[in-house]
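**Q** got a predicted model here, sequence first, then my questions.
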Amino acid sequence: MPTVIALVGAGSCPSSVAAVAERIGALVAARGGILLCGGLGGVMEAGCRGAAEAGGVTVGLLPGDDPAAANRWVGVPLPTGMGHARNALIARAAHGMIAVAGESGTLSEIALALKMGKPVVAIASAWSAIPGVLSADRPEEAVERLWGLLDDGGRP
């Protein structure tokens with residue numbers, strides 16, 4: 001079974017944050033992982049672009065009912081009709097999570113993942129101040145740390 005990595009972050013972001021998310025997506029794909037996200041813009045779109053261009057699988061759990069709302073790099077758009085409540089599905093479906101910057105929606109995804117016992121690594125944000133969230137300075141470090149946790153039995 002492939003490893004499913006949730007990439008979470010804001011729906012709009014500066015190019016420097018997008019570059020981090022894109023690199024993470026490419027690294028997840030290079031390891032044969034599936035990139036899971038909320039399917040919209042910003043960090044989600046950049047991560048999906050990186051994964052798709054590296055030949056990986058991308059899945060977007062969309063807040064609305066229209067699969068066409070997904071960014072163009074989502075290979076499998078899944079409309080939930082659940083709004084922000086879809087964040088619980090993202091946290092549940094992933095084996096682990098990488099948070100790149102973000103806002104209150106990202107915080108909810110992090111909290112849900114931690115509550116479900118999923119490992120979370122944060123990069124380019126203050127989320128590493130949350131107990132249980134690991135910090136990384138570079139995309140390579142974030143992916144390596146998360147995969148290491150999953151290899152050590154962190155996978156559900």
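**A** Okay, I see it.

**Q** checking residue 78 next. Helix, strand or coil?
**A** strand (DSSP: H, G, I helix; E, B strand; the rest coil).

**Q** just list whatever residues bridge to it.
**A** Counting by DSSP bridges, residue 78 forms beta bridges with residue 61.

**Q** what's the burial count for it?
**A** By other C-beta atoms under 10 Å, 16 other residues sit near residue 78. C-beta: built from backbone N, CA, C; applies to glycine.

**Q** got a list of what it touches?
**A** Contacts for residue 78 (C-beta atoms under 8 Å, 6 or more residues apart in numbering) come out as 39, 59, 60, 61, 62, 67.

**Q** okay, it and residue 86: tell me how far apart.
**A** Residue 78 sits 9 Å away from residue 86, going by C-beta to C-beta, to the nearest Å.

**Q** what is in contact with those two at once?
**A** Common neighbours of residue 78 and residue 86 (C-beta under 8 Å, 6+ apart) are 61, 62.

**Q** OK, contacts around the residue nearest to residue 100 when sequence neighbours are not counted?
**A** Spatial nearest neighbour of residue 100, excluding adjacent residues (C-beta to C-beta, 6 or more residues apart in numbering): residue 9 at 4.1 Å. For residue 9, the contact set (C-beta under 8 Å, 6+ apart) comprises 17, 21, 42, 43, 44, 47, 99, 100, 101, 102, 106.
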